Every structure is written in C-alpha cells, then in structure tokens.
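A.B. asks: quick one, fold the following:
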Amino acid sequence: PECGSESLVEDAHYTQQQLVCAACGCVLSEGLLTTTYTDEEHLREVAYSQSTGQKEQLSRCLQRGIRRVQDLCKVLQLPAAFEETAVSYFQRALQLPAFHLVSLEKKELLGGCCVLVTCRQHRWPLTMGTVCSLLYAKQELFASVFLSLQRELGLSVPALSLADLVTTHLSSFRLVQPTASIPAPFLEDKEKLLARTMAIVELASDTWLVTGRHPVPVVTAAAFLAWQSLRPGPRLSCPLARFCRLAGVELPPPAQLRLRELLEILLAMASQLSWLRGLHLDKKTVVKHIGDLLQHRLFLLKRAFSQQDGQEQQDTGLGMGSGSQGSGPPSSPAVPQQQGCPSAGQQQQRGTLRPLLPPCLIHPRKRLRAAAPSAPGVAVTGDEPISDSEIEQYLRSPEEIRAFRKAKAW
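C.D. replies: Take a look at the predicted model:
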C-alpha cells in the first residue's frame, strides 16, 4: 500500500515470519509469537503487537528501582504483601513530576522510603537508621526524600511504637540466645528481660527522658539496667560497653547520658521508699531495688517529683505554730517552731524534691539571653490608642469582664 510494488518477500526476523515489501521495506504481516507459559501450555499464539512484551516495557530506572525494593524486602525478611505494596508505591512515585528531575541518589533512596512507609503502615518495627545503614545513605537526605514521598502521595504514616522497637531491638541480643561465647551468669530469659525493659522505658517516658530523643540509646540504657537488676550479683561489675559487646549491638554515644539520667530518677524514687531510706544507696546499689521501685512507680514519682512551690508551702504550714494538731507525738508536749523553719527531716526530704521537668530545662546547654531593657521613652503603659483594625481583638464578653474583675480584685 505504500509504493504499489508487487515485490513481496518472506523474511524470518528472530524466528518470526514476516511478509515484507522488497521496494520500500513495509511490513505487510508479521508472524505469531508465544509470550506466556499459559499460552504455551494451551498452544496459543499471540501476535507480538498484542503481547505483554511490547505493552509493558518498563524503563531502566523503574526496573532497577523495583529490583532494589524487592532486594531490600528480602534482606529484611518482609512478607510478600509488604513487597507488593512497596513496589506499587515506587511505581506511583516515579509517575509524579516531583520525582522526574531529581538526582539518581534520591531515586535510589526512594525505594527504601517506600519500604519504610509500608512497614510503618503495617506496624512493622523498622527504623529509618536501619534502612539508611542498608542503603549506605545519609539520614538527612533520606529524611528529605521520605517527607517528599509522604507529601506527594498523600500517605498517612503512623509513628513508630516504642514498644515494638523494644521488642525488635532486644530480639537481636545474643544474651538471650545460649551460646558458648556468653558466660552462663550473663544469659537471661528473653521474656523477663523484655518485661523489665518495657517497664523502665515507660518510667523514662513518664519522666521526660524519651521526648525529643533518639529511641535506641534510651532502649539500650533501659535494657542494661533491666539486665543488671534481674541478677545483680555477677552483673553489677559489668559496664555498659561490655554489655553491648556481649549482646552483639553497637553502643550509641548518647546511651551513657541516658543511663545517668535514669539512675538519677531511680535514686530520687528510692529516697521516698520507706524501707530504703536507711540505706546509703548509690548508682550501683540502687539497681538491686529496681523491681520494688517499678512496682510502686506512680506513687514514688508523685512523692519524689512534686511541685516544689506547693511542697514548700505545705512544709511551712506544718511547722508554723505550736498549737497545730499533729505537730508532735501525742505523748510529748508540742515544741514551738519558728515560722518558716521546718524540721530537719522535712529539710532533708525537701532536698530531694524538684519539679518533674525535661532535662533540657534542668541542665540547659546554652545560657538563655536576657531580654534587652526597653527604652524609657517607648515603655508600654497600657494607655496607648487602639486602631479600629485591632479593636475587635480587645472586645470582651460579659463573662470575660466578670472574670477579669474577679482576678483584678484577687
């Protein structure tokens, strides 16, 4: 039909019989090709133009990315459903314009981000640091790609549960797996270690030691204390660095700081436990009583970390006058005390009390800058005129007016 020639020849092109015009090269008909195992079993022939080989040609970048996602899922031993979901996320992401002109490094990290999103959605405990270590990637760059993927696809990614992370982190410890290289006194039952570690992590969460911190150092320090407390005799002399070597895990640098903060909390709680007040506890001996401290955790936290101002007022009120009831034993006469001078026992008890605040407020790294004093000419007196555009912000309801008058009179 192209040139009107009648010179037609049959040409076997890759075992496909084709009818070709010898004058212009136009292919008039093509042979039949079997493309799938199902078609071969049923002896069916499919034209190449209708086969999956032509319609589902994938780009080289997409093929390499899918293989990377599949290999990462196999290394992490994820279920097959996770692999399918991660591959679908990767294919959807590469179709978006936001990932067309990105660098090759970011495209390689995109597969790891899809795996991480899939695991988070299925409540599978996987951290960003684990994926970065497998891909030899920087966490800052990986985090930027992860946030871009979450924003472009509109995905809902739940936060990683700390309890799941504790379970996963402790399952890799060699101390819970009997081996010849681990001394017998250092072996521990996995369930007991997991339960005690979870209780210590909950204590750390209640005392602001987890908020804003990387979870792995907190879990490592909690696991170390739990391991020592379950059998303190032969384990108290074992330092944290040796514990990590025996467990076969790396020692994160902040773990020493988290351990010190946990021991300070435990010492403050031990000072409020009645049968431990006569003992001179330090950061080593308090580990022996972790079981008792965790059993009465809520009560001891309330006693050890009360609001300092309210406790001082209560102590002052108890020691004000000699006529108050309960100021001394019934068999002895009431001893008058000066106003504002509590007893020695109350002073000792108050010395261990402090507000329950985050460590960054108790020990700030940077000195807070003092506010610059305002010039006398620009001092705010409250009598400045209010513009019409701002007057709506200052109008009060009748309830607010009554509350303001009551507060002002008080």
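
A.B. asks: any idea which helix or strand comes after the one helix or strand Ala86 maps to?
C.D. replies: Counting by DSSP states H and E, the secondary-structure element that holds Ala86 is helix 80-94. Using DSSP H and E, the helix or strand that directly follows helix 80-94 along the chain is helix 104-121.

A.B. asks: tell me the SS of the residue nearest to Ser5 when sequence neighbours are not counted?
C.D. replies: Excluding its sequence neighbours, the residue lying closest to Ser5 (Cβ to Cβ, 6 or more residues apart in numbering) is Ala23, at 3.9 Å. Where C-beta positions appear, they are placed from N, C-alpha and C, glycine not excepted. Under DSSP: H, G, I helix; E, B strand; the rest coil, Ala23 falls in the coil class.

A.B. asks: what residues are up against Ala23?
C.D. replies: Going by Cβ atoms under 8 Å, 6 or more residues apart in numbering, Ala23 touches 3, 5, 7.

A.B. asks: pull the number of nearby residues for the last one.
C.D. replies: Summarising burial for Ser7: neighbours were counted as other Cβ atoms under 10 Å, giving 10.

A.B. asks: how much space between it and Gln18?
C.D. replies: Ser7 sits 15 Å away from Gln18, going by Cβ to Cβ, to the nearest Å.

A.B. asks: please apply the same query to the first one.
C.D. replies: Note on Cys3: its distance to Gln18, by Cβ to Cβ, is 17 Å.

A.B. asks: compare the two (neighbour count), which wins?
C.D. replies: Remark: of Cys3 and Gln18, Gln18 carries more neighbours, 15 against 11, as counted by other Cβ under 10 Å.

A.B. asks: I'd say the more buried one and Cys26 touch.
C.D. replies: No - under the criterion of Cβ atoms under 8 Å, Gln18 makes no contact with Cys26, lying 10.5 Å away.

A.B. asks: for Leu293, give me its contacts.
C.D. replies: If you count contacts by Cβ under 8 Å, 6+ apart, Leu293 has them with 266, 269-270, 273, 286, 300.

A.B. asks: so it lies in a helix, does it not?
C.D. replies: Yes - going by three-state DSSP, the assignment for Leu293 places it inside a helix.

A.B. asks: which secondary structure element contains Gln18?
C.D. replies: Take DSSP H and E as the rule and Gln18 turns out to sit in strand 16-21.

A.B. asks: what of Lys406?
C.D. replies: Taking DSSP H and E as the definition, Lys406 sits inside helix 398-409.

A.B. asks: ranges for the helices of the stretch 51-200 of the chain?
C.D. replies: Taking DSSP state H, counting those that start in this stretch as the test, the helices found in the stretch 51-200 of the chain are 52-55, 60-75, 80-94, 104-121, 128-135, 139-153, 162-171, 190-206.
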